[in-house]
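Colleague: here's my sequence, what's the structure:
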Amino acid sequence: MSLSALYDLPAPAKLNLFLHVVGRRPDGYHLLQSVFTLIDWCDTLHIERRADGRISREDLGPALPADDLCTRAARLLQAASGTPHGAHIAIDKQVPWGAGLGGGSSDAATTLIALNRLWGLHWPRTRLLELGLQLGADVPFFIGGHNAWVEGIGEQLTPIDLPPASYVVLKPPVAVPTAAIFSSPLLTRDTPRTTMAVFLAQAKSFGKNDLQAGAEAYSTQIVDGLEILKQNFGLGRMSGSGSAVFAACEDIQQERSSAPLEARIRSLATPDSGWVARHCKGLARHPLLAWCAD
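Modeller: Alright, predicted model coming up:
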């Protein structure tokens, strides 16, 4: 019996534990090395199959652009598969955009994974990965479903086992356009390549985010966010192209404050300030990993 709808579909965000720009291709795309880790800050999607072939979307939270990545992902899979089915996608958007957390890419990946099932296509993960790369460099990571050592423009994924971890994530009000950061004159593009073994040996202190200098110049709010983390938790680093910054809880010296961790995190931001602070746990795998056959 075919499915008519899939509800409460998670689309988790990610953090870049480091992000090095190691070169640039002739077509202008930047070559990266990074470790992406999934976190439990999620958007939630509800998708219903349509018999009329139309793709429609409903925003349950903040309004999204008319042609967002979810809609584009659905149309791309529909065209590539030749299915007569359509879909109505409702999105409860919780992960902020312009944050370097991969929220839009994760939404697109969850859309592809869910529609592959809802439309009865049964495509293997490799075919979805090919489609995902057409939508954006981060989309294959979320389809892959594992924390990953990432190379190339984001399409070369090697699963990596990371110890259980939790993070303080702080999002300033500013949203950062990725293109502006990658075109910043402060961006270095020649960080020496490294290896997964070197990262694993020094994981807590390894590397940097090569995009951070350009993002700090773009908005002082990012500088402020990093300073807040430094003052409260001793360290901070930006994720992706920003504006979200984070600190690993393993490095937090709890004796600095007698207040419970959650209360300390809540004190960093208030809804009326536009700042958002979250205590996020790392995920060992994507919640929908089993929905695709390798």
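Colleague: count of residues packed around Asp40?
Modeller: 16 (other CB atoms under 10 Å). Where you see a C-beta, it was placed from the backbone N, CA and C, and this is true even at glycine.
Colleague: for it, give its distance to Ala79.
Modeller: 33 Å (CB to CB, to the nearest Å).
Colleague: next one: His30
Modeller: Counting by CB to CB, the gap from His30 to Ala79 is 28 Å.
Colleague: of those two, who's got more company?
Modeller: With neighbours defined as other CB under 10 Å, His30 and Ala79 compare such that His30 has more, 18 against 10.
Colleague: what about the more buried one, distance to Gly214?
Modeller: Note on His30: its distance to Gly214, by CB to CB, is 12 Å.
Colleague: quick check: neighbours shared by these two?
Modeller: Phe182 (CB atoms under 8 Å, 6 or more residues apart in numbering).
Colleague: domains of this protein?
Modeller: 5-160, 166-281 (automatic domain parsing).
Colleague: pLDDT at the closest residue to Thr191 other than its chain neighbours, what is it?
Modeller: Nearest residue to Thr191, sequence neighbours excluded (CB to CB, 6 or more residues apart in numbering): His20, at 4.1 Å. Model confidence at His20, given as pLDDT, is 98.
Colleague: His20 is in contact with Lys208, isn't it?
Modeller: Yes: His20 is within contact range of Lys208, at 7.4 Å (criterion: CB atoms under 8 Å).
Colleague: just for this structure, where's the confidence low?
Modeller: 1, 250-259 (pLDDT under 70).
Colleague: and the strands in it?
Modeller: 5-24, 30-50, 55-59, 86-92, 148-152, 156-159, 166-171, 237-238, 245-248, 276-281 (DSSP state E).
Colleague: which among these is found nearest to Gly120?
Modeller: Of all these, it is strand 30-50 that lies closest to Gly120, at 9.4 Å by CB to CB.
Colleague: list the buried residues for that closest one?
Modeller: Applying a neighbour-count criterion of 16 or more other CB atoms under 10 Å, one finds 30-49 buried in strand 30-50.
Colleague: next one: stretch 165-185
Modeller: Neighbour count says stretch 165-185 has 165-172, 174, 176, 178, 181-182, 184 buried, by 16+ other CB under 10 Å.
Colleague: what is the nearest of these to Ala148?
Modeller: Ala165 (15.1 Å).
Colleague: picking that back up, CSV please, covering the strands of the chain and showing distance to Arg117.
Modeller: Formatted as CSV, the strands of the chain follow (distance: least, CB to CB, whole Å):
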stretch, distance to Arg117
strand 5-24, 7
strand 30-50, 10
strand 55-59, 16
strand 86-92, 12
strand 148-152, 23
strand 156-159, 22
strand 166-171, 30
strand 237-238, 35
strand 245-248, 32
strand 276-281, 26
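Colleague: from Trp123, how far off is Trp291?
Modeller: 11 Å.
Colleague: who has more neighbours out of those two?
Modeller: Trp123 (21 against 16).
Colleague: that one touches Asn116, doesn't it?
Modeller: Yes: assessed by CB under 8 Å, Trp123 is found in contact with Asn116 at 5.3 Å.
Colleague: what residues are up against the closest residue to Ser105 other than its chain neighbours?
Modeller: In this structure, Ser105 finds its nearest non-sequential neighbour in Asp138, 3.8 Å apart by CB to CB, 6+ apart. Asp138 makes contact with Lys14, Phe36, Gly102, Ser105, Ser106, Gly154 under the criterion CB under 8 Å, 6+ apart.
Colleague: ok, these vs Gly236, which is closest?
Modeller: Set against Gly236, the nearest of these by CB to CB is Lys14 (17.2 Å).
Colleague: bridged to the closest one, which residues?
Modeller: Leu38 (DSSP bridges).
Colleague: quick check: Arg266 vs Ala277, distance?
Modeller: If you go by CB to CB, the gap between Arg266 and Ala277 works out to 7 Å.
Colleague: which one of the two has more residues nearby?
Modeller: Ala277 (19 against 14).
Colleague: can you list the buried residues of stretch 165-185 in CSV and add distance to Ser4?
Modeller: What follows is the buried residues of stretch 165-185, written out as CSV (distance: CB to CB, whole Å):
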residue, distance to Ser4
Ala165, 38
Ser166, 37
Tyr167, 38
Val168, 41
Val169, 36
Leu170, 41
Lys171, 36
Pro172, 41
Val174, 41
Val176, 39
Thr178, 37
Ile181, 42
Phe182, 42
Ser184, 47
